[in-house]
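# coords below, sequence missing:
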């Protein structure tokens, strides 16, 4: 007999990683809910791309409004109203540390696990990957393992909820390769932290996106305001390493 597919709630921002995760869960598990968090980010348009993903996959989508926390998270340049501009350059540069939102994944996962437990789902999925490890401590494998342990204790006696993080050791290029296999419409994803009409092509996440398509050998359908900057950013990063 075939084992029943695990009911899985995922965190979906609307970016390549989480949209690919949504398609992977829809193909391999039982995708029961997408959770998107509005935390006052500049690039709030990503919420629309998460909603499109849910509609495409026929899954429930909820936006969790945690904007009241914004006053406590203003140290990040990602926040709307923050004094610092989003820096240009490669993700691995020290300047990108300004994009850290303190404890963001821990906050979101804690809420997601509470929701999953309440609806008797069996797993929570998050699309952290190895490219995030440079600057985001709550994307690293040791954080994932520690969070698993914490939730095991927090939900003891109330059922097991798995933390599903299939990309934690995967590169961005690897995720794009997986997304292509799954038929992800990459033009229906949003990455840019600046949140303009087009992807800027210059912020860390745009540089990472363009570089990853190049490394994966898959055509990039993204329209960038500056389509060539990523090559310079990668070259400068290699030169300074």
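Here it is on my side, so go on. What you see is a predicted model; the values in this text were computed from it and never measured.
# how close does residue 181 get to residue 235?
30 Å (Cβ to Cβ, to the nearest Å). Glycine gets a C-beta too; all of them are placed from N, C-alpha and C.
# likewise residue 208?
Relative to residue 235, and taking Cβ to Cβ, residue 208 is found at 15 Å.
# Between the two, which has more neighbouring residues?
Using other Cβ atoms under 10 Å as the criterion, residue 208 and residue 235 rank with residue 208 on top: 25 against 11.
# quick one: that one from residue 187, how far?
17 Å.
# Ok, residue 46 next?
Relative to residue 187, and taking Cβ to Cβ, residue 46 is found at 14 Å.
# Which parts of the chain are helices?
Applying DSSP state H to the chain gives helices spanning 16-28, 46-57, 104-118, 141-154, 172-182, 204-216, 229-240.
# Touching the third one from outside, list them.
Translated: helix 104-118. Here helix 104-118 makes contact (Cβ atoms under 8 Å, 6 or more residues apart in numbering) with 9, 11, 33, 35, 37, 39, 64, 66, 69, 73, 121-124, 126, 128, 136, 138-139, 143, 147, 151, 154-155, 158-159, 161, 163.
# quick one: that helix to chain centroid distance?
In terms of Cα atoms, centre = their mean, to the nearest Å, the centre of helix 104-118 is found 15 Å from the chain centre.
# angle of that helix against helix 141-154?
30 degrees (axes from the mean of the first three to the mean of the last three Cα atoms, to 10 degrees).
# Identify each buried residue in helix 104-118, please.
104, 105, 107, 108, 109, 110, 111, 112, 113, 115, 116, 117 (16 or more other Cβ atoms under 10 Å).
# where's residue 26 relative to residue 19, distance?
In terms of Cβ to Cβ, residue 26 sits 11 Å off from residue 19.
# These two: which is more packed in?
Higher neighbour count among residue 26 and residue 19: residue 19, with 30 against 18, using other Cβ under 10 Å.
# residue contacts, that one?
By Cβ under 8 Å, 6+ apart, the neighbours of residue 19 are 12, 49, 50, 53, 179, 184, 188, 189.
# Also residue 173?
So residue 173 contacts 211, 212, 213, 215, 216 (Cβ under 8 Å, 6+ apart).
# Next: residue 210.
For residue 210, the contact set (Cβ under 8 Å, 6+ apart) comprises 201, 220, 222, 224, 227, 230.
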